[in-house]
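In: everything below, folded, please.
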Amino acid sequence: MNTTQQQINYSRLKSDIDQWAQELGFAQVGVSDIDLSEAGEHLNRWLAKGFHADMDYMHKHGEKRYNPEQLVPGTVRVISARLNYMDTDVKPYQQALRETQKAAVSRYALGRDYHKLMRNKLKKLAQKVESKVGDLGYRVFSDSAPVMEKAIAEKAGLGWIGKHSNLINPKAGSYFFLGEIYTDLPLPTDDKQDFHCGSCTACMPACPTGAIVAPFQIDAGRCISYLTIENHGAIPEHLRKLIGNRIYGCDDCQMVCPWNKFTQKSQEPDFSPRQQLDDIELLELFAWTEDEFLKKTEGSPIRRIGYESWQRNLAVALGNAETEPAIIQALTDKLDNVSDMVKEHIEWALKQHAQNQ
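Out: Presented below is the predicted three-dimensional model:
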């Protein structure tokens, strides 16, 4: 802490940060300390059970994940922010699931990739603080480093971690992004949000693949979000029918959460759907060439999975769609122009339709 910082009215500064955050479009900000020992213990138990599948990055950073001062020396507080992403005017997710010829895309991925947008907003907020207090030690994050963002947000009063492991806010549900500013400013902290799931377990049976094996325990190897995004290999055959038409992520556990009746419409136009991804035929997406995929997903979070995983996911969804000649033809036409991994999924899809005829 420099001499200037010793003269700061931190309570007033915290109020200013709330105001600046609102002006930047954030729905809420809060401040937490850096004691994440409880969250670290939960993480280590989860890792010990092998629930991280092949996400080796979940353990390779060791204690940095739950010791913020090891990741950014000098950190004494974390400013946590949330940004609503749901466009409440788009086709409801549950309706997309019923239309098996169309794609179901996790609502967070319909528009622009949030990583850069969130970091830019957080950086502007940090610069506002810096203009007020002088030199500031800080670093901004948005799902971009070994940061336990949900545990931090819970301590900062932004919500509580539900039984599906997502953060729930009592006034906004769970459709929002999180971001953090690690800082050396000793700001007043907020109270941790109380737990309000009660006896409700709606999210657990709603998981199509049974990935929520116990409250707060997700087996990533069964989770559709993992299988369609993080996983770059084959999707286990016994899980393919359960995936349905979900080609990127899964919102089922959030869809049934009673708290999402309070969902707030995003004020961020960049999160509006691109390429009609909220209402588009699987066959149209399957017909994209790699060049078209790269062009049409530019600036989208979907682009990071790559064309091969994209084709794999669509092959599974087409295998689960209602049988029709156009689907069988499209799958057959692709067989000789794809990788061995994708070919295996196309052959599986064709087998499903053969059994229906």
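In: how about the helices in the stretch 151-300 of the chain?
Out: 203-206, 224-225, 237-243, 252-255, 282-286, 290-296 (DSSP state H, counting those that start in this stretch).
In: so can I have a markdown table of these showing mean neighbour count?
Out: Using the backbone N, CA and C atoms, a C-beta is placed for each residue, glycine as well. Formatted as a markdown table, those follow (neighbours: other CB atoms under 10 Å):
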| stretch | mean neighbour count |
| --- | --- |
| helix 203-206 | 17 |
| helix 224-225 | 22 |
| helix 237-243 | 16 |
| helix 252-255 | 22 |
| helix 282-286 | 20 |
| helix 290-296 | 13 |
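In: least trustworthy helix or strand in this protein by mean pLDDT?
Out: Every helix and strand in the chain was compared by mean pLDDT, DSSP states H and E; the lowest is helix 3-6, with a mean of 56.
In: now the strands: where do they sit in the stretch 51-200 of the chain?
Out: For the stretch 51-200 of the chain, applying DSSP state E, counting those that start in this stretch gives strands covering 77-84, 104-105, 138-141, 160-161, 167-168, 176-183.
In: so which of those gets nearest residue 63?
Out: Relative to residue 63, the nearest member of these by CB to CB is strand 176-183, separated by 15.2 Å.
In: circling back to that earlier point, reformat the helices of the stretch 151-300 of the chain as CSV; add mean pLDDT.
Out: Shown next, in CSV, are the helices of the stretch 151-300 of the chain (pLDDT from 0 to 100):
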stretch, mean pLDDT
helix 203-206, 98
helix 224-225, 98
helix 237-243, 98
helix 252-255, 98
helix 282-286, 98
helix 290-296, 98
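In: of all those, which one is nearest residue 345?
Out: Among the helices of the stretch 151-300 of the chain, the nearest to residue 345 by CB to CB is helix 237-243 (7.8 Å).
In: so how far is the closest one off the chain centroid?
Out: 22 Å (CA atoms, centre = their mean, to the nearest Å).
In: contacts for it next, please.
Out: 208-209, 222, 224, 227-228, 235, 316-317, 319-320, 345, 348, 352 (CB atoms under 8 Å, 6 or more residues apart in numbering).
In: could you work out the most separated pair of those residues?
Out: Applying CB to CB across the contacts of helix 237-243, the maximum distance is between 222 and 352, 20.2 Å.
In: those two: which is more packed in?
Out: Neighbour comparison, residue 222 and residue 352: the larger count goes to residue 222, with 21 against 17 (by other CB atoms under 10 Å).
In: the more buried one contacts residue 211, doesn't it?
Out: Yes. Counting by CB atoms under 8 Å, residue 222 does reach residue 211; the two are 4.0 Å apart.
In: phi, psi of residue 143?
Out: Backbone torsions for residue 143, taken as degrees, to the nearest 10, come to phi 50, psi 40.
In: disregarding residues adjacent in the polypeptide, which is nearest to it?
Out: For residue 143, ignoring the flanking residues on the chain, the nearest one in space by CB to CB, 6 or more residues apart in numbering is residue 115 at 6.2 Å.
In: check residue 268 too.
Out: Excluding the flanking residues, the one nearest residue 268 by CB to CB, 6+ apart is residue 25, at 6.0 Å.
In: got a pLDDT number for the one you found?
Out: Note for residue 25: predicted pLDDT of 96.
In: double-check that it belongs to a strand.
Out: No. According to DSSP: H, G, I helix; E, B strand; the rest coil, residue 25 belongs to no strand; its state is coil.
In: neighbours around it, how many?
Out: 14.
In: surely it and residue 121 touch.
Out: Yes. Assessed by CB under 8 Å, residue 25 is found in contact with residue 121 at 6.6 Å.
In: what sits in contact with each of those two?
Out: Residues touching both residue 25 and residue 121 by CB under 8 Å, 6+ apart: residue 83.
In: minimum distance to residue 17: which of the helices of the stretch 151-300 of the chain has it?
Out: Closest to residue 17 of the helices of the stretch 151-300 of the chain is helix 252-255 (CB to CB; 28.5 Å).
In: from the chain's centre, how far out does that closest one sit?
Out: Offset of helix 252-255 from its chain centre (CA atoms, centre = their mean): 13 Å.
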